[in-house]
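[1] coords below, sequence missing:
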């Protein structure tokens, strides 16, 4: 393959992956999926009933792997029966989003119904307003991941099949979304009632913010806030992962010689080293900017 | 009738390599700093997701890069190195963006609650832990530990994949790659789950006291992967 073509395809894959990462995180903010949902689930038990959508069908990686594998399998079957790729990927993503919507509804109704004894209401208008938003985000995520998997199998000639690549990238996008963007939702948005940077005392567990900028807070309010930082950052993380892991093998093409293959390994190692140094810089800057939370008692005693 | 004994005898080296791969994954998972649900609320040091999920995300990214490499070269070292690097890139990117969240989104400096001084940078940790939490963010020791852990996971995963593809059988190539990659993913999950019992939700990396429990998990992984490898080799070799 021409190096220029390879780079163009990698750019397209990176862009699609970035959109997939951002929409995956925002979907999990609207529906409150994954780890931060533990607080939404806990709140009624601590006598804080709320109007936030409560789902957590499963951890984000299996949930996204499921919808991507469903979409990928349908798309693969349609392509093999002669449908155009664009149509096949779109229909695959629509059906995947439908499955996701079904799970979201049953999950919300089941979880809220089980909290009747804590006086947690089931809001039918929340189901009506939130489920289409979640399905929309799930469609975007699935479609973009299917585009990534399709380009990898057809243009970059990856040996894995389309559904398998979609499954793997579904697991990865979920793992990244739940490790990065969810922190913005779980540690900041849910607990805006404590001072910024004060840390979240475990004693505050369950005491989530329930009032919105206007009215009572719901999942869509949360995605509005997280779309400012958590969502795009998740997109950058997933885009970087897909792009960088593919880029090193496209630029240093191992099919020409093993030496170039080793060059790609070295390039990858340099990227990892740069990220370690960058992380250290952030750590030092944060320690200097925020300072310690408490005085050094040993130093005081010695003085 | 499949000649089970013959297949096992012929592919015994592959069974051993698959088992070694599984043990490397089990060891690697102990090194990945995961904080589970508490870390998602900045109440524990590490990445805010589950052990299995993060390890699988990193390892499977390694599997994709190893698959790429396997398509174009036959050098075993290159394929395995490629899987290792792929997993390391995924975890580094995830950890650095996670760090942005803790520092810029939540306003907490990275700090470990398990040690007083970071074993690599020698920075004081306990003063930077906010009240009522078990640390937050990803200090340098945890970051480097995570990179090594994901690398071991990617190495193990690609070793399993390479060994499975070395088994002789009569399958068409596309089907063979499909079944080998599914089996490699399955073994990855088995070996990511076993260490979870040691980790119990949160671990900060090699400096965490829980890390010392890893030999038990590696032994359990040896037994589980060895049995699974025999079944996998017989199933694939008999086709």
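    Arrived safely, thanks for sending. This is a predicted model, so every value here is computed, not measured.

[2] what stretches of the chain score poorly on pLDDT?
    Using chain A here. Where chain A drops to pLDDT under 70, the residues are A:1, A:298-303.

[3] looking at chain B here, not the other one
    Ranges of chain B meeting pLDDT under 70: B:1.

[4] For the residue of it found nearest chain A, what are phi and psi?
    Closest to chain A within chain B is residue B:130: 2.3 Å, counting by CB to the nearest CB. The way it works is simple: take the backbone N, C-alpha and C, and place the C-beta from them, glycine included. Residue B:130 has phi and psi values of phi -70, psi 160 when expressed as degrees, to the nearest 10.

[5] what sits against the closest residue to residue A:118 other than its chain neighbours?
    Nearest residue to residue A:118, sequence neighbours excluded (CB to CB, 6 or more residues apart in numbering or on different chains): residue A:44, at 4.0 Å. By CB atoms under 8 Å, 6 or more residues apart in numbering or on different chains, the contact list for residue A:44 reads A:50, A:115, A:118-120.

[6] Next up, the contacts around the residue nearest to the spatial centre of chain B.
    Residue closest to the average C-alpha location in chain B (CA atoms, centre = their mean): residue B:153, at 3.1 Å. By CB under 8 Å, 6+ apart, the contact list for residue B:153 reads B:24-25, B:28-29, B:32, B:55, B:58-59, B:62, B:87, B:188, B:192.

[7] Report how many residues lie close to the closest residue to chain B within the stretch 51-200 of chain A.
    Scanning the stretch 51-200 of chain A for the residue nearest chain B gives residue A:199, at 2.3 Å (criterion: CB to the nearest CB). Residue A:199 is flanked by 27 other residues according to other CB atoms under 10 Å in any protein chain shown.

[8] Quickly note the distance from it to residue A:254.
    Distance from residue A:199 to residue A:254, counting by CB to CB, to the nearest Å: 47 Å.

[9] could you show me where the helices are in chain A, in order?
    Assigned by DSSP state H, chain A shows helices spanning A:3-31, A:37-42, A:60-80, A:85-113, A:124-154, A:162-179, A:181-183, A:219-226, A:230-251, A:258-290, A:297-302.

[10] Could I get those in a markdown table, plus columns for mean neighbour count and distance to residue B:103?
    Output for these, formatted as a markdown table (neighbours: other CB atoms under 10 Å in any protein chain shown; distance: least, CB to CB, whole Å):
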| stretch | mean neighbour count | distance to residue B:103 |
| --- | --- | --- |
| helix A:3-31 | 23 | 18 |
| helix A:37-42 | 21 | 21 |
| helix A:60-80 | 24 | 22 |
| helix A:85-113 | 19 | 32 |
| helix A:124-154 | 22 | 27 |
| helix A:162-179 | 30 | 15 |
| helix A:181-183 | 34 | 11 |
| helix A:219-226 | 22 | 17 |
| helix A:230-251 | 26 | 12 |
| helix A:258-290 | 17 | 4 |
| helix A:297-302 | 8 | 26 |
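
[11] closest one to residue B:199 among those?
    helix A:162-179 (15.5 Å; CB to CB).

[12] Let me know the angle separating that closest one from helix A:3-31.
    Helix A:162-179 and helix A:3-31 are oriented at 50 degrees to each other (axes from the mean of the first three to the mean of the last three CA atoms, to 10 degrees).

[13] Is chain B within reach of helix A:162-179?
    Yes: where contact is defined by CB under 8 Å from any CB of the partner chain, part of helix A:162-179 touches chain B, namely A:164-165, A:167-169, A:171-172, A:174-176, A:178-179.

[14] quick one: residue A:221 and residue A:211 touch, right?
    No: with contact defined as CB atoms under 8 Å, residue A:221 does not count as touching residue A:211 (9.8 Å).

[15] what about the closest residue to residue B:198 other than its chain neighbours, is that helix, strand or coil?
    Of all residues not flanking residue B:198 in the chain, residue B:213 sits nearest, at 4.5 Å (CB to CB, 6+ apart). Recorded secondary structure, residue B:213: helix (DSSP: H, G, I helix; E, B strand; the rest coil).

[16] okay, now residue B:213: neighbour count?
    Using other CB under 10 Å: residue B:213 sits among 17 other residues.

[17] May I have the phi/psi pair for residue B:217?
    Per degrees, to the nearest 10, the backbone of residue B:217 is at phi -70, psi -40.

[18] ok, now residue B:110?
    Dihedral angles (degrees, to the nearest 10) for residue B:110: phi -60, psi 130.

[19] That one and residue B:137 touch, don't they?
    Yes: using CB under 8 Å, residue B:110 is in contact with residue B:137, at 3.0 Å.

[20] Find residues that contact each of these two.
    A:283, A:286, B:45, B:99, B:102-103.

[21] Go through the residues you listed and say which is closest to residue A:246.
    Using CB to CB, residue B:99 comes nearest to residue A:246 of the shared contacts of residue B:110 and residue B:137, at 23.6 Å.

[22] That closest one is in contact with residue B:138, isn't it?
    Yes: counting by CB under 8 Å, residue B:99 does reach residue B:138; the two are 5.3 Å apart.

[23] So the two - more neighbours on which side?
    residue B:138 (32 against 24).

[24] and that one, what does it touch?
    Shown in contact with residue B:138 (CB under 8 Å, 6+ apart): A:279, B:33, B:45-47, B:95, B:98-99, B:102, B:110, B:146.

[25] same deal with residue B:51?
    Contacts of residue B:51 (CB under 8 Å, 6+ apart): B:29, B:32, B:34, B:36, B:192, B:195-196, B:199, B:201, B:203.

[26] By neighbour count, which of those wins?
    residue B:29 (34 neighbours).

[27] can you give me phi and psi for it?
    Per degrees, to the nearest 10, the backbone of residue B:29 is at phi -60, psi -30.

[28] so where do the helices sit in chain B?
    B:4-10, B:12-31, B:36-40, B:51-72, B:76-100, B:140-165, B:173-193, B:196-199, B:214-237.

[29] okay, those in CSV with distance to residue A:77 next?
    Below are those laid out as CSV (distance: least, CB to CB, whole Å):
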stretch, distance to residue A:77
helix B:4-10, 33
helix B:12-31, 31
helix B:36-40, 37
helix B:51-72, 22
helix B:76-100, 29
helix B:140-165, 26
helix B:173-193, 15
helix B:196-199, 35
helix B:214-237, 25
